[in-house]
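*Asks:* Here is my input, please return the structure:
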Amino acid sequence: MSGIAGRPPSVEADVGGSGPAETAPGEGRPWLKFEISSAVPVLHAAVPTLSFGLDITDRGEREVFMAALTIMIQIEPVKRAYEPEERERLAELFGEPHRWATSAQRLLWSTESVLVKPFSGRTSTEMQVLCNYDLELAATRYFHLVDGGEVPLAFHVNGTVYYAAQDGGLQMVQIPWDTVADFRLPVETWKRMIDAYYPQRGWLPLQRETLEALRRRKVARGLPTYDQAVAELLDRAEQEEGR
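*Replies:* Okay, here's the model as predicted:
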């Protein structure tokens, strides 16, 4: 979860294609349109982080005191094309390609909280998303397995809008979960962010017993790193399979 408070240090923005989401119009109520306008890797954060630009327009032009939003982000794999090599790799995630119509519908990536400051008519804010690089997580594996192009994302917006009634009092209205903004995140943006924190590296969770066994082998073989210990095991397995 993330609260928004100003623009963090970041590299230049990468803007993908996006589609706006609107709440239903109502007499005397805010009529909000949400749009994801950019995706920017955040530099020098504690963990890999992407900052998404969120543009909000109130066509009702009411005085909005605050909006408390919950935004669920989903990956929609079936909305992009894949190269043969990508299809082969993604089989470990979705199964054989002929099953993808049902097995590759949506992947939950993250759920974030955003507080929108007072505005009237139009405002912009940022939503920071912490990006876990644990390859046991389906969303992370998906980003790791695709080569380029864009990743289709759906931002499901829900929450409460607090606004000024005609008599000056406080009113509130709920945003329904069917309010969805689409955005296409460049894969290069994700990969550049990860490389900024973990250059040429990936992460796999291991059971303590497995890690201890690997440590013992590394020491016994006089190898300086765990990477070399795993590489040696893989080389030996390939040699045995080639016999």
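*Asks:* Relative to the longest strand seen in the chain, what are the paired strands and their orientations?
*Replies:* With secondary structure taken from DSSP state E, the chain has its longest strand at strand 170-186. Sheet pairing for strand 170-186, assigned by DSSP bridges, gives strand 18-19 (antiparallel), strand 150-164 (antiparallel).
*Asks:* Find the helix or strand that the most centrally placed residue in the chain is a member of.
*Replies:* In the chain, the residue lying closest to the centroid (CA atoms, centre = their mean) is W109, at 5.3 Å. Take DSSP states H and E as the rule and W109 turns out to sit in strand 107-116.
*Asks:* For that strand, which strands pair with it and how are they oriented?
*Replies:* Strand 107-116 has the following sheet partners, assigned by DSSP bridges: strand 63-75 (antiparallel).
*Asks:* what sits up against the strand it pairs with?
*Replies:* With CB atoms under 8 Å, 6 or more residues apart in numbering as the contact definition, strand 63-75 has outside contacts at 30, 32, 56, 58, 106-120, 127, 129, 139, 142, 151-164, 170, 175. Any C-beta I mention is one placed from the backbone N, CA and C, and that applies to glycine too.
*Asks:* can you tell me which residues contact T111?
*Replies:* 1, 70-73.
*Asks:* If any of the residues you listed are buried, put those into a PyMOL selection.
*Replies:* Applying 16 or more other CB atoms under 10 Å to those leaves a buried subset, and the PyMOL line that selects it is:
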select buried, resi 70+71+72+73
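*Asks:* on that earlier part again, next SSE after the longest strand of the chain?
*Replies:* Following strand 170-186 in sequence order, the next helix or strand is helix 187-197 (DSSP H and E).
*Asks:* Next, the angle strand 150-164 makes with that next one.
*Replies:* Here helix 187-197 runs at an angle of 90 degrees relative to strand 150-164 (axes from the mean of the first three to the mean of the last three CA atoms, to 10 degrees).
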